[in-house]
Structures are given as structure tokens and as C-alpha cells.
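Novice: using only what follows, build the 3D model:
(2 chains)
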Amino acid sequence: MIPELGHFALILALAMALVLAIMPMIGSLSNTPSWVALARPLAWGQFTFLLIAFACLVNAFLVNDFSVTYVAQHGNTRLPNIYKISAVWGAHEGSLLLWAFILSGWTLAVALFARQLPDVMIGRVLAVMGMISIGFLSFMLFTSNPFARTFPVPLEGGDLNPLLQDFGLAIHPPMLYMGYVGLSVAFSFAIAALVGGKLDISWARWSRPWTTVAWVFLTIGITLGSWWAYYELGWGGWWFWDPVENASFMPWLAATALIHSLAVTEKRGAFKRWTVLLSLLAFSLSLLGTFLVRSGVLTSVHSFAADPARGLFILIFLCIVIGGSLVLYAWRAPNVTSGGEFSALSRESLLLGNNLLLIMITAFILLGTLAPLIYDAFGWGKISVGFPWFNTMFVIFTPFLVLLMGLGPLTRWKQQDAADLVRQFRIALLASLGAGLLAALPLLHEGSVYAGLAVMLSVWLTTTLLLSLRKRLRHRQGFGAFLKDIRARGGGSYYGMLLAHFGVAVFTIGVTFVTLFDVEKDVRMAPGETLELAGYTFRFDGVEKIQGPNYRADRGTLHVSRHGQDVAVLKPEKRTYLVQTRPMTEAGIDAGFFRDIYVSLGEALDAGSWSLRLYYKPLVRWIWLGGILIAIGGLLAAFDRRYRLAVRRDVAATAAPPGDALATEGPA
Amino acid sequence: MSRKLRYLVPLAVFLLLAGLLFRGLSLDPKLVPSPLIGKPMPAFTLPRLQDPDATISDADLRGEVFLLNIWATWCTACRAEHDVLLQLARTGKVKLYGLNYQDQRPDAQRWLRQLGNPYVANAFDADGRTGIDWGVYGAPETFVIDRDGIIRHKHIGPLTVEVVNRDILPLIETLKSGRS
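Specialist: Predicted structure coming up:
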């Protein structure tokens, strides 16, 4: 009965979405305020029914209702409760439900928190979100109903994929989806602005905090996914350039370009068309990602069961959403007035450079991801594109990106005197060149050039950020200058920028050092045997059998010491889950700020000895630390009090003079 | 380029991409040409799944057109294709043998008891050595072998009714009727 309620709630949600997509939009065009006013209640209704549907599916997992096909495939009585809940989004149908649920949540959030926006604008934004919702809800109802029943009812479920029985992966998809779906808000704002033909500065100001929040979620989701892959897949990798990972990284890059471009549009009125296009692009790339994951056109370790019928449905949906929005763009964009003149050396031009680099990287990743498909489609044979392609691209583009990131905050809007800029960054240039050389010299062997380069870039970024901070605080005295500045001017977006850019510096160091200097050894060890790796002594104390809630495992014990001092006891496991008897490795990790020691258990060999894989991974934590800093920076920026003030000011006087927000930010 | 046309560029790029994706839907990325096609099937002698004391070898299978299905209880896709296998077996058009791959014997026996047994017989390949000889890189896979013991076709991934009707059954008809 309850699953039918869920199914029914889904149908009602679709009905709500249909009305939401049509009535407020027509109302806004025909000047019928009563139709526009329907948008908010409909957003509530849609959210309520999807909440009910979602709760019904969670309930079906919790009570082990194996009469529901989806639960029978992915649930199990012995699954711990937290994984029963995460199993809801552990496969295709349920993750679609999560998608739709989150979309309705974002829709409601816009309806609730964007109270100061003109009703017509809100009506249009919510209507566009309703259209997207129609696509996902009908996709679910017509091709992938999570509430479909099965008969005869199996006694036990097929269990959740053991890879997904992990806390990191339980929260990774919701975070990622919050990001993907959040980009639909920026998309809807852009479409609403195009429909109204009014691409003004207030549009950018409204869209900005939403875009930043979505981008923060995407950042957290990707960071979590990378961290999970590191400790769960058992070979210490943290990024695989797998199509599904690329599918999350491309929208992130486009959204990164977008939040920078939105800043220019809001403050200077420039780049309007480009910003609109990026808003469309960022969400289109999330949809494309969904298509690549669900349709089976590419092979990936993450792919859900592929089904060409589903693929065709998403492709048609893609054509309507992306194709339709680009037609609208081609129709409306020529009439947009360009504003905000700027010279060749200005903050605008640097941000434009940064945007072009980010989009180029995105294009290369897209090309690399689709290359196997392109080859296949033209009958050129089968290829696979791997690490060399993507890594080479990164080594080429990143230095330019970081160079611009350092210059940007020191540069004035509109026009910057070159000599003055050089005078400002002189110290940073010297410091970074010096540090880079110092880092490269003692390591004069393979890879030292890259290590030197990474150190140079990170020092460059950090010192220029400090210079920018000094400039900002130049009128305030003493140790409390920083606090005084925050109290007086707020500046969440400025300090958020500092933190996020510093996160990039930390990330760059982490990636480079762990790539160049990690040490890896495949060994065979008998109990009592010891081994040296990177200055650490590993003693293998044998393997015992243990029993988990829904798995059996072999658990090894290794004592790690350095110069006779105990460092850690690692307990890597090899688990066999009872239902899906695939062996799973649980790495034993001793995490540290400067290095990780990582051990994974291989196969049992004769006489109690085992094959083991030992790793020494310098600075690997800095990769995720960088990601966390970037996300925190984004949060600070998104909740800058300026937006609330500015929106209120906009309502008071709809035509805010361009650039008035400059007073609170940047080296004006 | 005229000013207005410039704004059509994103649309044009997208349409190209959409065309490519549409073409991609009808391609199968997992379709890696198997070097074994057209070659005699690799020899093996393995214990039978249902009777550990008896063996089954490639010689027992030879003589008529048959399917060899690689499966395991840990493979969810195998569960998905199991109904298709049962339907196929019920038609009586072709003999279906199984290679139970890297599995636990009691689990596999329970699976067949619970879900039904479409196989004439099953070889039990506990360590996966035979699977390696056959070039298996993931269950399920299904091979079509002709009466001379030559591998004619390999399907990777779960069989569906469409795949069976489109690829498998017509091939079996030709192999049965053709005197080679």
C-alpha cells in the first residue's frame, strides 16, 4: 500500500510540475498576476508530494519490502540502517528520485528565500524549474519507476553494491546532486532573464549567491568522491578520469567560470551574453553528465545498468532543454546591450582570460571523454583515453590559470597601469621564483622540475593573496586590523575568495607531490616478517577472520614504526559481503598532515603469508584540504551580507547605479 | 560571420554533439571484438556444479550448436538476465550450458534451486582459470559455439529478449541449417 502511495505522490508531483511550468510563465507574458502568483504554492505542492514519495521509498527499504522490485534488487535485511537509507540512491531509479526531490527542494528554496525579487521574475524562474522537473518526473514514471512491484516476492534482497556500503559514498551522491541540480537555478534565472529580454545587473546579483551555493555543493561532492575512491578502491588513487568523474568535473569547471563571470556582470555590467551562455552551459553539462552515466554510451566503473530506451529518453530531453535554451539565446542575445568598457589590462580582461582557460580545459575534458565514442561512431576503431591525455592538459593549462589567479585580485577594474601592477607583485614574483628554485634544487632527479613549478605556483598564489590582503587593510592599524575590517565592511566574498584561492595553492602542492614522490611496493609477507619503505618499518602480524553485520572479513595487522618508535597499527581488511560475494578491500591508513601510510591486503598465499600493497603518500591530504578550503571560501562568498542588503536596495530603487557594490569589495 | 549568426554557434555545436550522442546510443562500447571468434573453443575439464565428483569437459559439449553462459551469484546483471535464459531454455531451440565463474558452490546451487535452472549442465570454475582461457572479463558473457566447436559469437553483458531475438536466435538458425 505504501509503495502505491509513493507512486501516486510521484504522479501528483508531475501534475504540479506541469501546472507550474505553464501557468506562471503564460501569466508573466500575458500580464495576469493571479497566474503568476500560483508559482509559490505550486512549488510547495511539488515539494510536498516528492517528499512523500521519497519517504515511501525510504520506508520500503527500512521495512525490507521486497515486493518492490527496486528494494528487492538493492536492499537486504542484514544491511545496516544507514545503508538501507543510502541504498535509496544506490542505483538508477532511486537516484533519479533523489534528483527530482532535490530539484523540488531547490525550487521551494527559490520560492521561499527570493522573496524580494519581482513576482514576474520569480514566476518565470519557478516555471523553468518546473519544466526541468517535468522531464525528470516523466522519465522516472515512464521508464524507471522506483515503486514497480515484483511477483513472486523474494525472501531476501540482492543487497546494495558493497562498494557503496560506506559512509563517504552514502553522502557523496546527495552532495553532488545538490550541486548538479543547484545549477538549474542559475540556468532558470538565465532563461527567465532571456524570456524577459532584460539582462540587467540585478539579474546577475540575484543569480550569484545561488550559483555559488550550488558550486560549493559540487565542490564538496567531488572532494568526497575523490576521498572515497582513495580509501575504498584499495590502490591509493584519488582521481581516475573516469567518464562519470569527468561528468561531475566539467559542470564544476563551467560553474567556476560562471561565478567569476557573474562577478564581472554584476559589478561592471560587462560579459552579459557570456555569463548567460555560461549559465546555460553549466547546467547543460550536468544534464550531459546524467546522460553519459545513464545511457551506457560510455563504459565506466560507475555506470548504472545501461538501457538504450532510457538513453533515448534523456537525449530527447537534452535536446529540448539545451537545444531550446540555445535557440532562445540565439534569438535574444543579439539585442542585449554590452556595457562596461574595459581596457586590455584590467580585472575584467584577466577574468576573461581565466574564463577562457577554464572553458578550454572543459572542452579538452569533454573531447577526451567522448573520444572513444567519436572513434566508434566514425568506425575508426576502439580507443581509450587515459591519464596521459588529461594530465598533460592539466600541466599545460594550470600554470597560466594560477598566474592569472595571482594577478586578478591585485588588478583594478576597468583599467590597470602595467608599471603599477608590476611594482605590486614584484615581491611575490621574486619569492615564488626563489621558492621554486629552492624546491627544485635538492631534488635534482626525475620530476624535480615539476615539483619546483608547483611550489613556485603555490607560493606565487599565496604571496599575491597576502599582498592583496595588505592592500585591503592598508588604512587600518594594528593586529586587530583584520577583525576591524570584517566588522566594518563585512566582505564575506572577499575573504571567501582569498580562502578558495589559497585552497587551490594547497591542492596544487598536494597533487604534485603525491604524484611525483609517492612510493609503492607490492610485497609478499609472512607473519613476523618486516620490511622497509620510505624510512618506515612494517611488521606483518598475520591475518585473523572477523565477522561484520553483513560480511565476513580477513583482517591483517601491521605494526609501523620509524627509527624504533611506534607510528601506527594498521588493520587492512578484505571483506566478502554475504549476498554479493564480491571481495572488497578496506585499506589500512595512517593519515597525517605530511604523509599517509596506506596498506591494502591482497591475496592469501601459502603458509599464512599474504600479498600486500604498501604505499607512502606524501601530502596526499592536501588534495582534499584544498577542496575543503575552496568549499568554505565559496560558502563565505555566498552568504556575504552584501547580497541581502543589495537585494533590499534593489527593491527600494529598482535601477541601482552600476558598480555601487564596488564600495564594499575589491581594491577600489 | 554576420553578427546575428554568431549567436547560433552554441546551438550548432550542441546539435553536432547531440547527433554524436544519438549515434552513440546504437553502439555498444563494451563490444570489444573477441580474438576467439572463429577459433575453436579453449579446452577445459572442470567439476560439475551439481555433482562435485563428476567432471565436464569441452568434448562433452561438442557436436551440436550450443550456448555457453558465464555467470555467478555475485553478479547482479546475471540475476537480471536469468529470466531471459529460462525463457530461452523453454523454447528448446538451443542447448544452454553454464560456466559458474569464481563462485561458491552452495551459493550457486541455491541460486539454481530458487530461480530455476535453465542449463543442461554447469561447469564449476572456482578459481576462474577456465574463464581466463575464454577471455572472460566480467560476468555475464554468453558464447555461441557451432557444431564443430568453433566460437561464432560472444555477447558481453546481460542477455535481453531483444538481443536474443536480434543476434542470438538468427545466428543459431543459420548455424543449424548451414552444413559447414
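Novice: from now on I want contacts and neighbour counts done on CA atoms only, so please keep to that.
Specialist: Fine.
Novice: show me where chain B has strands.
Specialist: B:45-47, B:55-57, B:66-71, B:95-101, B:121-125, B:141-145, B:151-156 (DSSP state E).
Novice: can you redo those as JSON lines with mean pLDDT?
Specialist: Converted to JSON lines, the strands of chain B look like this (pLDDT from 0 to 100):
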{"stretch": "strand B:45-47", "mean pLDDT": "90"}
{"stretch": "strand B:55-57", "mean pLDDT": "89"}
{"stretch": "strand B:66-71", "mean pLDDT": "92"}
{"stretch": "strand B:95-101", "mean pLDDT": "91"}
{"stretch": "strand B:121-125", "mean pLDDT": "91"}
{"stretch": "strand B:141-145", "mean pLDDT": "90"}
{"stretch": "strand B:151-156", "mean pLDDT": "86"}
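Novice: adding distance to A:Leu51, write those out as a markdown table.
Specialist: Formatted as a markdown table, those follow (distance: least, Cα to Cα, whole Å):
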| stretch | distance to A:Leu51 |
| --- | --- |
| strand B:45-47 | 53 |
| strand B:55-57 | 55 |
| strand B:66-71 | 39 |
| strand B:95-101 | 42 |
| strand B:121-125 | 47 |
| strand B:141-145 | 40 |
| strand B:151-156 | 39 |
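Novice: relative to A:Ile201, which of these is closest?
Specialist: Nearest to A:Ile201, of all these, is strand B:151-156, at 54.4 Å by Cα to Cα.
Novice: circling back: save the strands of chain B as CSV, and put in distance to chain A and mean neighbour count too.
Specialist: As requested, the strands of chain B are exported to CSV (distance: least, Cα to the nearest Cα, whole Å; neighbours: other Cα atoms under 10 Å in any protein chain shown):
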stretch, distance to chain A, mean neighbour count
strand B:45-47, 21, 17
strand B:55-57, 25, 16
strand B:66-71, 13, 24
strand B:95-101, 12, 23
strand B:121-125, 15, 24
strand B:141-145, 15, 23
strand B:151-156, 12, 20
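Novice: show me the one of these that comes nearest A:Ala204.
Specialist: Once the strands of chain B are compared by Cα to Cα, strand B:151-156 is nearest, at 49.6 Å.
Novice: using PDB, list the CA coordinates for that closest one.
Specialist: Provided in PDB are the C-alpha atoms of strand B:151-156 (Å, rounded to 0.1, in the frame of the first residue of the first chain):
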ATOM      1  CA  ILE B 151      33.200 -19.900 -31.300                       C
ATOM      2  CA  ARG B 152      30.900 -17.900 -33.500                       C
ATOM      3  CA  HIS B 153      29.700 -15.100 -31.400                       C
ATOM      4  CA  LYS B 154      30.200 -13.500 -28.000                       C
ATOM      5  CA  HIS B 155      27.800 -11.300 -26.100                       C
ATOM      6  CA  ILE B 156      29.100  -9.300 -23.200                       C
END
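Novice: show me where the stretch 51-200 of chain A has its helices.
Specialist: For the stretch 51-200 of chain A, applying DSSP state H, counting those that start in this stretch gives helices covering A:69-74, A:81-86, A:92-113, A:119-143, A:167-196.
Novice: buried residues in the longest one, which are they?
Specialist: Right, the one you point to is helix A:167-196. A:168-170, A:172-195 (16 or more other Cα atoms under 10 Å in any protein chain shown).
Novice: what sits against residue 71?
Specialist: No chain was given, so I picked chain A. Listed by Cα atoms under 8 Å, 6 or more residues apart in numbering or on different chains, the contact partners of A:Val71 are A:Ala60, A:Phe61, A:Asn64, A:Asp65, A:Gly157.
Novice: chain B is the one I meant
Specialist: Counted by Cα under 8 Å, 6+ apart, B:Trp71 has contacts B:Cys78, B:Gly98, B:Leu99, B:Asn100, B:Tyr101, B:Ala139, B:Pro140, B:Glu141.
Novice: so B:Tyr119 versus B:Asp133, what's the distance?
Specialist: In this view, B:Tyr119 and B:Asp133 are 21 Å apart by Cα to Cα, to the nearest Å.
Novice: ok, those two, which is more surrounded?
Specialist: For the pair B:Tyr119 and B:Asp133, the greater number of neighbours falls to B:Tyr119 (18 against 13), based on other Cα atoms under 10 Å in any protein chain shown.
Novice: how about that one, phi and psi?
Specialist: Main-chain torsions, B:Tyr119, degrees, to the nearest 10: phi -90, psi 150.
Novice: so for chain B, the centremost residue is which one?
Specialist: For chain B, B:Thr142 is the residue whose C-alpha lies nearest the centre (Cα atoms, centre = their mean; 2.0 Å).
Novice: in which helix or strand would I find A:Thr337?
Specialist: Using DSSP states H and E, A:Thr337 sits within no helix or strand.
Novice: that one and A:Asp200: what is the separation?
Specialist: Counting by Cα to Cα, the gap from A:Thr337 to A:Asp200 is 9 Å.
Novice: so between those two, which is more surrounded?
Specialist: Just comparing A:Thr337 and A:Asp200: by other Cα under 10 Å the higher neighbour count belongs to A:Asp200, 18 against 13.
Novice: is it true that A:Gly90 touches A:Leu160?
Specialist: Yes: A:Gly90 is in contact with A:Leu160 according to Cα atoms under 8 Å; the separation is 7.0 Å.
Novice: where do the contact lists of the two overlap?
Specialist: Taking Cα under 8 Å, 6+ apart as the criterion, A:Gly90 and A:Leu160 both touch A:His74.
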